[in-house]
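K.L.:
the following block contains a protein sequence and its predicted model.
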Amino acid sequence: MSNHTPTPHIEAQYGEIAETVIMAGDPLRAKFMAEKYLTDAKLYNQVRGMLGYTGYYNGKRVSIQGHGMGIPSIGIYTYELFNFYGVKTIIRVGSAGGLQPGMQIGDVIIAVGSCTNSNYAAQFNLPGTYAPIADFDLARRAVDAAEKMGIRYQVGNIVSNDTFYDDDPTALSKWAKMGCLAVEMEAPALYMNAAKSGNKALCICTISDVPGTDIAATPEVRQKGFTNMMEVALSLL
């Protein structure tokens, strides 16, 4: 690991970020989590508004940081955390659109794999198609935590798109037919960066809407209301 800190996107000094980082696309969700759950939280980053905090949860040191929207954005932040700051584990807590029948706002998805229409894997010059997957131990313990909490959850594959507004109106239904539980925009880059750097990652999402319907949570609920997935993530420390 090379120490190139601070980076162009994170102003923290080496050592100011914990070995486990919980990340959210919305930096205000990261701020909410830090203020709600951490003790002795200290702000270490506010470059580009991508807030990052380090503190303690039940005596365990942890950092919580925003990563922005989309695979390129999370790709930058997770690369820098894994390769320049000594981070060993990153857990994403994000919102997702439900693709399977009966899904409700607030359902938790533990993503053991992620399909994608992104070309992110091309940089690795692999002789085939790469399958981005989560760390099994993190996923297993997340399932155990969800069971103990008594929350609605599902485990399986998701799809992560580069496009929020897709010109093909049938695209999501095709992924749904292949068993994908939900759609989001970040997991593959997280999983690939973890694999390449020899580290661990997991994406936990909460259903915030059902594409093609009027079912959708408000921005405030997305930011502050999805506490089940936050507590599952914190239980993995």
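P.N.:
Nice, thanks for sending it over.
K.L.:
need phi/psi at the residue nearest the centre of the chain.
P.N.:
By CA atoms, centre = their mean, the mean C-alpha position of the chain lies nearest to Arg92, the distance being 2.1 Å. Arg92 adopts backbone torsions of phi -90, psi 130, taken as degrees, to the nearest 10.
K.L.:
and it, how far is that from Gly150?
P.N.:
Going from Arg92 to Gly150 by CB to CB, to the nearest Å gives 23 Å. (Each C-beta comes from the backbone N, C-alpha and C, glycine too.)
K.L.:
and the helix or strand bottoming out on mean pLDDT in the chain, how far out from the chain's middle?
P.N.:
Least confident helix or strand of the chain, by mean pLDDT, DSSP states H and E, is helix 219-224 with a mean of 80. Using CA atoms, centre = their mean, to the nearest Å, the mean C-alpha position of helix 219-224 is found 16 Å from that of the whole chain.
K.L.:
ditto for stretch 95-111
P.N.:
15 Å.
K.L.:
may I see the buried residues of that stretch?
P.N.:
Going by neighbour count (16 or more other CB atoms under 10 Å), the buried part of stretch 95-111 is 95-100, 103, 105-111.
K.L.:
check the separation of the first and last residues in it.
P.N.:
Using CA to CA, to the nearest Å, the end-to-end distance of stretch 95-111 comes to 12 Å.
K.L.:
next: stretch 108-127.
P.N.:
Start-to-end, stretch 108-127 (CA to CA) is 34 Å.
K.L.:
same thing with stretch 43-51?
P.N.:
7 Å.
K.L.:
give me the mean pLDDT for it.
P.N.:
Stretch 43-51 carries an average pLDDT of 97.
K.L.:
can you pull the alpha-carbon coordinates of stretch 207-218 into PDB?
P.N.:
Coordinates of each C-alpha in stretch 207-218 appear next as PDB, following Å, rounded to 0.1, in the frame of the first residue of the first chain:
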ATOM      1  CA  ILE A 207     -36.000  -0.600  -0.900                       C
ATOM      2  CA  SER A 208     -36.800   3.100  -1.400                       C
ATOM      3  CA  ASP A 209     -39.100   2.800  -4.500                       C
ATOM      4  CA  VAL A 210     -40.500   0.400  -7.000                       C
ATOM      5  CA  PRO A 211     -39.600   1.400 -10.600                       C
ATOM      6  CA  GLY A 212     -42.600   1.800 -12.900                       C
ATOM      7  CA  THR A 213     -45.000   2.600 -10.000                       C
ATOM      8  CA  ASP A 214     -45.800   5.600  -7.800                       C
ATOM      9  CA  ILE A 215     -44.300   3.800  -4.700                       C
ATOM     10  CA  ALA A 216     -41.400   5.900  -3.500                       C
ATOM     11  CA  ALA A 217     -40.000   7.200  -0.200                       C
ATOM     12  CA  THR A 218     -39.400  10.900   0.300                       C
END
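K.L.:
in it, what's buried?
P.N.:
Ile207, Ser208, Asp209, Val210, Pro211, Ala217.
K.L.:
for the last one, what are its contacts?
P.N.:
Yep, that's Ala217 we're talking about. Residues near Ala217 by CB atoms under 8 Å, 6 or more residues apart in numbering: Ser95, Ile105, Ser208, Asp209, Gly225.
K.L.:
got it, and the second one?
P.N.:
Shown here is Ser208, whose contacts under the criterion CB under 8 Å, 6+ apart are Ser95, Ala96, Gly97, Ile105, Ala216, Ala217, Val221, Arg222, Phe226.
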